[in-house]
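Chemist: fold the following and give me the result.
(one chain, ligands or ions: 2)
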Amino acid sequence: MLKPGSTIGILGGGQLGRMLAHAAQQLGFDICIFTDEDDSPAARVSAQTFVADYRDAQALAAFAKRVDVVTTEFENVPAETAQALIDAGALVRPSSQALAIAQDRFDEKSFFNAQGIATPRFAAIASQADLDTAIADMGAPAILKTRRLGYDGRGQIRIKTKADAQGAYAQLGAPGILEAFCPFEREVSIIAARGEDGAVAFYDLCENEHAGGILSRTVLPADVKDDVAARGRDAVKKVLDAFDYVGVLTIEFFVMPNGALVANEMAPRVHNSGHWTIEGALTSQFEQHIRAVAGWPLGPTTRVAGIEMLNLIGDDADTWPTLAADPEARLHLYGKRDARTGRKMGHVTKLKLR
Ligand SMILES: Nc1ncnc2c1ncn2[C@@H]1O[C@H](COP(=O)(O)OP(=O)(O)O)[C@@H](O)[C@H]1O
Ligand SMILES: [Mg+2]
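Modeler: Ligands and ions are numbered 1, 2, ... in the order given. Okay, the predicted model is just below:
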């Protein structure tokens, strides 16, 4: 177990790092951020920050020396970054293998299938010819996504009819994956943690609504049957064990009208659909992740209320005076300097106490 006073290094300086820092601070740890951006949300609440390129070997070596464990709040950290840190003697949690697979949508879905976890049909797309073949085979509607670096619905092209596939590969501009469109009934996520000792703790299933590919609202309890939730937990446990995972991991699923669960993607980190755990669970996902990577026992995940979490995206955050005056709204703002369209600026959690 890392002693209080130890330093936890975080790759990435966004709001997830900021909320991890808040939780780490409660347990007496210092946070050191590594990010390629100046003035990041996490840097402003952390003991120290390295601002450098993720491939800057010298800066990474210095960071590795400064911290007792390294984790990440941002899954698109280059694979070489994790390797450079390991080479410099750092303990990296979760493992670089989990990070690498979660970074590539094709590898990720192949990995799910190898674990016996269903996904939408998919095919790797490296040319317009590949896309034409896949569309002829799979039909429309379908979604063309970049294999790497997509988030919040970016790097995706919806192919509603076969004609939409024309020229779509050039428009995507990067190696891709074509996925059959999944006519789901609802979207859910399962957030879980695995400790150093292999213990696993699950949060209640979250029901998620997206707008324009970005999470807009999370509600609990989710409107799904117990056996659906149990199957989802089994899938998450398989993934955690396969990676000998240490930390919080999230899997997003589609729930089909017949109750089947189809895995969409995983995030090897804390997740936006788990922000409600700050007020709504006995241990927040942020504290849980810090506990896991520090080798501490996991905390209880019990949910204490009905939940509605609303993301504040772009100029939604301008409503902060109203939200600040609303006794039902627990307001979180991430300290981002400009409210660009589609940017997550904060969130609000509303609790319905039982
Ligand atoms: N195969 C699919 N079928 C139906 N909807 C999808 C599919 N893939 C993605 N979506 C929709 O787009 C959203 C964002 O896609 P996702 O793959 O989760 O990318 P991101 O990494 O941007 O979150 C999903 O939450 C879902 O609403
Ligand atoms: Mg997603």
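
Chemist: count of neighbours near the nearest residue to residue 354 once chain neighbours are set aside?
Modeler: Excluding its sequence neighbours, the residue lying closest to residue 354 (Cβ to Cβ, 6 or more residues apart in numbering) is residue 305, at 6.3 Å. All C-beta spots, glycine's among them, are computed from the backbone N, C-alpha and C. Neighbour count of residue 305, defined by other Cβ atoms under 10 Å: 16.

Chemist: show me what residue 305 bridges to in the sheet.
Modeler: Residue 305 forms beta bridges with residue 353, as assigned by DSSP bridges.

Chemist: contacting residues around it?
Modeler: Residues counted as contacts of residue 305 (Cβ atoms under 8 Å, 6 or more residues apart in numbering) are 279-280, 351-354.

Chemist: in the stretch 51-200 of the chain, which residue sits nearest ligand 1?
Modeler: Among residues of the stretch 51-200 of the chain, the one nearest ligand 1 by Cβ to the nearest ligand atom turns out to be residue 182. It sits 3.5 Å away.

Chemist: look up how far residue 115 lies from that residue.
Modeler: Separation of residue 182 from residue 115 (Cβ to Cβ, to the nearest Å): 19 Å.

Chemist: likewise residue 201?
Modeler: As defined by Cβ to Cβ, residue 201 lies at a distance of 20 Å from residue 115.

Chemist: and for residue 247?
Modeler: With the distance defined as Cβ to Cβ, residue 247 ends up 18 Å from residue 115.

Chemist: who's more crowded, the two?
Modeler: Set residue 247 next to residue 115 and count neighbours by other Cβ under 10 Å: residue 247 wins out with 26 against 13.

Chemist: which ones are touching the closest residue in space to residue 324 that isn't next to it in sequence?
Modeler: Nearest in space to residue 324, with sequence neighbours left out and distances taken as Cβ to Cβ, 6+ apart, is residue 331 at 6.0 Å. Applying Cβ under 8 Å, 6+ apart, we find residue 331 in contact with 320, 323-324, 346, 348.

Chemist: in what helix or strand does residue 82 lie?
Modeler: Here residue 82, judged by DSSP states H and E, is contained in helix 79-87.

Chemist: which helices and strands does that helix pack with?
Modeler: The criterion is 3 or more Cβ pairs under 8 Å, 6 or more residues apart in numbering; DSSP states H and E, and the helices and strands that helix 79-87 contacts are helix 57-66, helix 96-102.

Chemist: ok and that helix relative to helix 57-66, angle-wise?
Modeler: Between the axes of helix 79-87 and helix 57-66, defined by axes from the mean of the first three to the mean of the last three Cα atoms, to 10 degrees, the angle is 50 degrees.

Chemist: what's next to helix 79-87, contact-wise?
Modeler: The list of residues contacting helix 79-87 from outside it, by Cβ under 8 Å, 6+ apart, reads 11, 54-55, 57, 60-61, 63-64, 70, 92, 96, 99-100, 103.
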